[in-house]
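Peer 1: pasting the structure only:
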């Protein structure tokens, strides 16, 4: 079984109070695909320009990511630059150059259309729809989103919610979407919008799952130092869908552990700039932190 | 075995976006004592004025709280009034009338001096010292504090940290005390200041314990509605010490479950104004939510 991951593939220039790193490998699909690759084979769909460093293509391949769906177009790769404040929670965008991403239309190779697990990583809801239009009866579809789409493409997003099994969004986005501060109430409202699994990310405070089995409170791994949280959410959902793809049985049975694995891969992501730490991590280290989280939450 | 609880006993006038409730029973000792009373006998030490409603004395007695250490003085009871914003996380003080609390000196009846478990609820560190000066070899001392004492009585507080087994404080206070945003680092610094158990409260995000067994991440019970969070932190630490007092064996063995019980009683506290909900709760309901939290965190 393999997982199809569609999203952005970008170059990120990231500034924190302690360091500045230009043109790192980034984008929601890159982070999610590498995170998923620890658990299952990944087919990634995205677009880059002909300025995209060969070293990054090599990095994808090192993680055995199927690049048949990665378009390489004449022009520049999507470039985002941003800056984090001292507490590493608030960030502001310094520049966004869309490049070839501006007219990106994800078209799936035939071999991709029957992939059973699908992650619609953060990307315009219209493109997420376009991917689903091409799919042939996927078993499980999870979508991520961001505040930008709530602001400029809400109708598309609301239509998407009726086509997916699970939605992942962060707490502030959940508040914006549901107009309530209470997370239990927010989750109830989002279920009514469509998805039977709702996952709310709360950064260092972990995440919450809601489905027919009730709520699950997934812990975040406590980190001594956060170097760069960019891509942590993408890593979370990537590892989550990778774990689900790899583990047979009903989704309901595996989803809690899938989230914990997501949480752990996200924690590694935060310990390096861009994908520098995630791409160095070994599966054994991931399983080690999962066991630690078991101990940290047992009472 | 019983627990000694020293702190403020007050009348709270609480305004939220939805309601206004004048002169409710409040204060750190009141909340903590009622919360502890679900698990063990409580000796409460505090001061009230002769305007203190008899109904509130009756309420303490209904919870079998020993009032031998409650001074009733000529004058007015400490009165606090505050207002919560819509999200119920930010509050501002509208008025503080100290009344008899201004010259409060907690003097312990002889029968109280050898109580094995002691909670120094939120009150000036100098008064917390004064209580410890009168105690005879307590088995376990836990102290709570607040930002006010970090601002105006830091030296007293730092001296206190060397005399206690456990410190409870909230995340913003931990940041202020340690000058770091990272909670793992903050905990490490606080251990160096004295206490071998450090508990950091994170409101709706739960709490964290650090001791020689490592970290424990205690969940908060997810509430559909928060009516009034006043006293939630006092209820948490009150139920925690009540549970420890009631359960034999080393503190290390019981502390995680003690925190979970604290978390649950705090959740009930938030569901009513002042102590109105907490005083209605039955032990069975508390144990029910503890079991729910077990299910909510299992993976």
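Peer 2: Alright, I've got the coordinates. Because the structure is a prediction, the values reported are computed rather than measured.
Peer 1: would you mind measuring from residue A:173 to residue A:146?
Peer 2: Between residue A:173 and residue A:146 the computed distance is 7 Å (CB to CB, to the nearest Å). Every residue, glycine included, has its C-beta placed from N, CA and C.
Peer 1: please identify the nearest residue in space to the most centrally placed residue in chain A, excluding sequence neighbours.
Peer 2: With the centre of chain A defined as its mean C-alpha position, the nearest residue by CA atoms, centre = their mean is residue A:234, 2.3 Å away. In space, not counting the residues next to it along the chain, residue A:234 is nearest to residue A:31; the distance is 3.6 Å by CB to CB, 6 or more residues apart in numbering or on different chains.
Peer 1: wait, doesn't the one you found sit right on residue A:275?
Peer 2: Yes - the criterion here is CB atoms under 8 Å, and residue A:31 meets it with residue A:275 at 6.5 Å.
Peer 1: what sits in contact with each of the two?
Peer 2: Where contact means CB atoms under 8 Å, 6 or more residues apart in numbering or on different chains, the residues bridging residue A:31 and residue A:275 through contact with each are A:231, A:269.
Peer 1: comparing the two, which shows the higher neighbour count?
Peer 2: Higher neighbour count among residue A:31 and residue A:275: residue A:31, with 35 against 26, using other CB atoms under 10 Å in any protein chain shown.
Peer 1: pLDDT at whichever residue of the stretch 101-250 of chain A sits closest to chain B, what is it?
Peer 2: Closest approach of the stretch 101-250 of chain A to chain B (CB to the nearest CB) occurs at residue A:205, with a separation of 4.0 Å. In the prediction, the pLDDT value recorded for residue A:205 is 96.
Peer 1: contact residues of chain A facing chain B?
Peer 2: Applying CB under 8 Å from any CB of the partner chain, we find that chain A lies next to chain B at A:86-88, A:181-185, A:202, A:204-206, A:208, A:214-219, A:222-226, A:256-257, A:259-260, A:294-299.
Peer 1: rewinding a little: same drill for residue A:173 and residue A:146, tell me which one is more crowded.
Peer 2: When residue A:173 and residue A:146 are compared on other CB under 10 Å, the one with more neighbours turns out to be residue A:173, at 21 against 15.
Peer 1: so what's the nearest residue to that one once chain neighbours are set aside up against?
Peer 2: The shortest distance from residue A:173 to any residue other than its chain neighbours is 5.4 Å, reached at residue A:147 (CB to CB, 6+ apart). When contacts are counted by CB under 8 Å, 6+ apart, residue A:147 touches A:172-173, A:176.
Peer 1: sheet partners, orientation included, of the lowest-mean-pLDDT helix or strand in chain A?
Peer 2: The helix or strand with the lowest mean pLDDT-type score in chain A, counting by mean pLDDT, DSSP states H and E, is strand A:91-97 (a mean of 91). Within its sheet, and counting by DSSP bridges, strand A:91-97 is paired with strand A:79-84 (antiparallel).
Peer 1: sketch out the low-pLDDT regions of the stretch 1-150 of chain A for me.
Peer 2: Low-confidence segments of the stretch 1-150 of chain A, defined by pLDDT under 70, are absent; every residue clears the threshold.
Peer 1: now the helices for it?
Peer 2: A:28-36, A:54-62, A:125-134, A:147-152 (DSSP state H, counting those that start in this stretch).
Peer 1: looking at those helices, which one is packed in the most?
Peer 2: helix A:28-36 (a mean of 33; mean count of other CB atoms under 10 Å in any protein chain shown).
Peer 1: could you find the closest non-adjacent residue to the closest residue to chain B within the stretch 1-150 of chain A?
Peer 2: Checking the stretch 1-150 of chain A residue by residue against chain B with CB to the nearest CB singles out residue A:87 as nearest, at 4.6 Å. By the measure of CB to CB, 6+ apart, the closest residue to residue A:87 outside its immediate chain neighbours is residue B:181, 4.6 Å from it.
Peer 1: ok so the one you found is a helix residue?
Peer 2: No - the assignment for residue B:181, made by DSSP: H, G, I helix; E, B strand; the rest coil, is coil rather than a helix.
Peer 1: so who does it touch?
Peer 2: Contacts of residue B:181 (CB under 8 Å, 6+ apart): A:86-88, B:175.
Peer 1: per-residue pLDDT, it?
Peer 2: Per-residue confidence (pLDDT) for residue B:181: 91.
Peer 1: could you check how far it is from residue A:254?
Peer 2: Residue B:181 sits 34 Å away from residue A:254 when distances are taken as CB to CB.
Peer 1: next one: residue A:131
Peer 2: When CB to CB is the yardstick, residue A:131 and residue A:254 sit 23 Å from each other.
Peer 1: what about the longest helix in chain A?
Peer 2: Longest helix in chain A by number of residues (criterion: DSSP state H): helix A:251-270.
Peer 1: what comes up buried for that helix?
Peer 2: By neighbour count with 16 or more other CB atoms under 10 Å in any protein chain shown, helix A:251-270 contains the buried residues A:251, A:254-270.
Peer 1: let me see the contact set for residue A:50.
Peer 2: Contacts for residue A:50 were tallied using CB under 8 Å, 6+ apart; they are A:72-75.
Peer 1: 7 Å - rerun?
Peer 2: Residues touching residue A:50, when contacts are defined by CB atoms under 7 Å, 6 or more residues apart in numbering or on different chains, comprise A:72, A:74.
Peer 1: would you agree residue A:198 falls within a strand?
Peer 2: Yes - if the criterion is three-state DSSP, then residue A:198 is within a strand.
Peer 1: check whether it really touches residue A:191, as I assumed.
Peer 2: Yes - under the criterion of CB atoms under 7 Å, residue A:198 makes contact with residue A:191 at 6.0 Å.
Peer 1: which of those two has more residues huddled nearby?
Peer 2: Neighbour comparison, residue A:198 and residue A:191: the larger count goes to residue A:198, with 24 against 17 (by other CB under 10 Å).
Peer 1: who's the more buried one bridged to?
Peer 2: The bridge-partner assignment for residue A:198, based on DSSP bridges, gives residue A:167, residue A:210.
Peer 1: who are the contact partners of it?
Peer 2: By CB under 7 Å, 6+ apart, the residues touching residue A:198 are A:167, A:187, A:190-191, A:210.
Peer 1: and with 10 Å instead?
Peer 2: The neighbours of residue A:198, taking CB atoms under 10 Å, 6 or more residues apart in numbering or on different chains as the test, are A:161, A:166-169, A:174, A:186-191, A:208-211, A:215.
Peer 1: now which of those would you call buried?
Peer 2: With neighbours counted by 16+ other CB under 10 Å, the contacts of residue A:198 contain buried members at A:161, A:166-169, A:174, A:186-187, A:190-191, A:208-211, A:215.
Peer 1: between those residues, which is closest to residue B:284?
Peer 2: Top of the list for closeness to residue B:284, among the buried ones among the contacts of residue A:198 and by CB to CB, is residue A:215 at 21.5 Å.
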